[in-house]
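>>> structural data only, the sequence is not supplied:
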């Protein structure tokens, strides 16, 4: 569809034209006709594809501006998304001055919202918690609701708002029309739709992958302590002036903001512990361009609709593929091109492979930019900017300064001095001499195929004794000094028997040597030298040392044992000394 050729009022078409929509997006072309007919719909599309206008146009068309009761409700996961959605709906109702859309959310004084509700609003856009608060107070009546919309439903379920969503839908008008929009369709979403939607039409924008196609995605292996330097280098190399940096923790947000500010970047942080006034002020500064880099957690950045975001940085790798899809969807919105960088440490690369498989997106692996890459990119950007400035008008004061500089210095040196000054300014943000690249691991070598070695080869002589070779390669040395010529492959059973025979001979020689060895100490007592046979003879009292009494030192050592062979007599030790008369 080339234009908004829908059955809607002319004032809505004029408002849409003022918003800059020349033709509907795919999700708008699919969702607007059935919603105008009053059917329940389930829309699946990536973030940044115009889902707000897809339900905003039918909503404004159905609402009666003369009736001041709440006729439509939109449930959003975050405060920022609620404010943005209410603003977009108010733009669509630009030429309907009596139609009002109110954003209700936590962190704002509730008295202001109570006053607006008492004056009468037709459309309420809010977070589940604050909508439930107004329902419990009795200040929000949903009995006259014609249309209920769940925007970013998957995010709300991830944040634990399922009970609140079911309570809101159960208290709304039973004859209402319900629409559900989400970037992903997990099982809880389908279960919720079966319970509260009546014969819905499933609308899905066909895409090759789950992420925005015009976003160039890549991941960069890096060590954790080199992440600040890597982020600074990419910002300088690509000349990025508007970026989102995602973190997994609130503490990480503060650390990255401090690091960027110390390097000369304009950065601010956004996380859940901040007050609503601070959040609104930071968002306003980022939208106005006063802040170039916004560092945020997933919860704080959900639902952000910010235009002209050039790049998204996953400083910490997302914990789930749904988080990855929502992060990447913050850039490349409304048909623009964008870039998404993910910093991976160690084994996190495997998780990126999993995300690439699930999203079916092209995610390339890049190496961290070196100092030479930064210098080359700066030179190209400097030459391009100089050509653009030279083609336009230059102030007379600038020309006079240039002439004075040329009079003092040579033209080449003057230009070189200016370039050096620019390089020094860039050098404050990065450390070009630092090498942050991770060396590539060595390529795996093929493992050698194990082969069974042949017996009696040079590399494996058999037995404990090395082979004694005299000319013939396969002559094997024997323990008796003789040589025996054998084949390359000998019989293992014969070799085992031979080794066993050799061990028996060795044991017999050892016994003979032991029997002829002179005895010392107790063995040589009384001139007796009992033969040693290598077998245990039993307790010491049963050995044959003759029936002669032992000497005194030996008797003290074995006081409580029998004195002779087969004797039951026990010599007791007298511990107490004898008393002298």
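Structure received. Bear in mind that the values here come from a model prediction, so they are computed numbers and not experimental data.

>>> what are the ranges of the strands in the stretch 351-500 of the chain?
In the stretch 351-500 of the chain, the segments counted as strands under DSSP state E, counting those that start in this stretch are 363-365, 475-477, 483-485.

>>> worst mean pLDDT among those strands?
Note on those: lowest mean pLDDT is at strand 475-477, with a mean of 49.

>>> show me what contacts the closest residue to residue 128 other than its chain neighbours?
Spatial nearest neighbour of residue 128, excluding adjacent residues (C-beta to C-beta, 6 or more residues apart in numbering): residue 164 at 3.7 Å. Just so you know, the C-beta spots here come from the backbone N, C-alpha and C atoms, and that holds for glycine as well. Contact analysis of residue 164 by C-beta atoms under 8 Å, 6 or more residues apart in numbering lists 128-129, 131-132.

>>> is it true that residue 125 lies in a strand?
Yes. Under DSSP: H, G, I helix; E, B strand; the rest coil, residue 125 sits within a strand.

>>> what's the burial count for it?
Neighbourhood size, residue 125 [other C-beta atoms under 10 Å]: 30.

>>> same question for residue 288.
With other C-beta under 10 Å as criterion, residue 288 counts 8.

>>> now stretch 130-140: buried residues?
Residues 130-135, 140 are the ones in stretch 130-140 that count as buried (16 or more other C-beta atoms under 10 Å).

>>> where does the chain dip in pLDDT?
Along the chain, segments meeting pLDDT under 70 span 1-5, 47-48, 206-212, 299-305, 334-335, 422-430, 432-433, 440-443, 449-499, 517-581.

>>> spell out which residues make up each domain of it.
10-204, 215-372, 453-510 (automatic domain parsing).

>>> burial of residue 249, as a residue count?
11.

>>> point to the residue nearest the middle of this protein.
Closest residue to the average C-alpha location of the chain: residue 317 at 2.8 Å, with C-alpha atoms, centre = their mean.

>>> would residue 296 count as being in a helix?
No. Residue 296: not assigned to a helix; according to three-state DSSP it is strand.

>>> wouldn't it be in contact with residue 252 here?
No. Counting by C-beta atoms under 8 Å, residue 252 is not a contact partner of residue 296; they are 10.5 Å apart.

>>> more neighbours, the two?
residue 296 (27 against 19).

>>> just give me how far stretch 36-51 sits from the chain centre.
Distance of stretch 36-51 from the chain centroid (C-alpha atoms, centre = their mean, to the nearest Å) equals 30 Å.

>>> tell me which residues in that stretch are buried?
Result for stretch 36-51 [16+ other C-beta under 10 Å]: buried residues 39-51.

>>> those: which two are farthest apart?
Pairwise distances across these (C-beta to C-beta) peak at 25.1 Å, for the pair 39 and 48.

>>> list the contacts for the residue lying closest to residue 336 once chain neighbours are set aside?
Leaving aside its chain neighbours, residue 336 sits nearest to residue 214 (6.9 Å; criterion: C-beta to C-beta, 6+ apart). Residue 214 sits next to 332, 335-338 when contact means C-beta under 8 Å, 6+ apart.

>>> from the contacts of residue 164, which is closest to residue 201?
Distances from residue 201 to the contacts of residue 164, taken as C-beta to C-beta, are shortest for residue 128 (24.8 Å).

>>> thinking that closest one is in contact with residue 166, fair?
No. Using C-beta under 8 Å, residue 128 makes no contact with residue 166, being 9.9 Å away.

>>> roughly how far does the closest residue in space to residue 106 that isn't next to it in sequence sit from residue 31?
Once flanking residues are discounted, residue 106 sits nearest to residue 130: 5.1 Å by C-beta to C-beta, 6+ apart. Between residue 130 and residue 31 the distance is 26 Å, computed by C-beta to C-beta, to the nearest Å.

>>> and residue 192, by the same measure?
Residue 192 is 18 Å from residue 31, by C-beta to C-beta.

>>> same question, residue 308
25 Å.

>>> when the two are compared, which one has more neighbours?
The neighbour comparison of residue 308 against residue 31 (other C-beta under 10 Å) goes to residue 31, with 28 against 13.

>>> touching the helix or strand hosting residue 84 from outside, list them.
Residue 84 belongs to helix 79-92 when assigned by DSSP states H and E. Here helix 79-92 makes contact (C-beta under 8 Å, 6+ apart) with 12, 15-16, 18-19, 52-53, 56-57, 59-60, 74, 76, 100-108, 123, 125-127, 151-152, 276, 279, 283, 302-305.

>>> for the stretch 101-250 of the chain, what spans make up the helices?
With helices called from DSSP state H, counting those that start in this stretch, the stretch 101-250 of the chain shows them at 110-119, 128-137, 153-158, 162-171, 187-196, 227-238, 250-262.

>>> just want the angle from the fourth one to helix 128-137.
This points to helix 162-171. Going by axes from the mean of the first three to the mean of the last three C-alpha atoms, to 10 degrees, helix 162-171 is angled at 50 degrees with respect to helix 128-137.

>>> by how many degrees do helix 162-171 and helix 187-196 diverge?
Using the same axes, to 10 degrees: helix 162-171 against helix 187-196 is 20 degrees.

>>> joint contacts of residue 128 and residue 166?
Counting by C-beta under 8 Å, 6+ apart, residue 128 and residue 166 have no shared contacts at all.

>>> these two - which one has more neighbours?
Each of residue 128 and residue 166 has its neighbours counted (other C-beta under 10 Å); residue 128 has more, 22 against 14.
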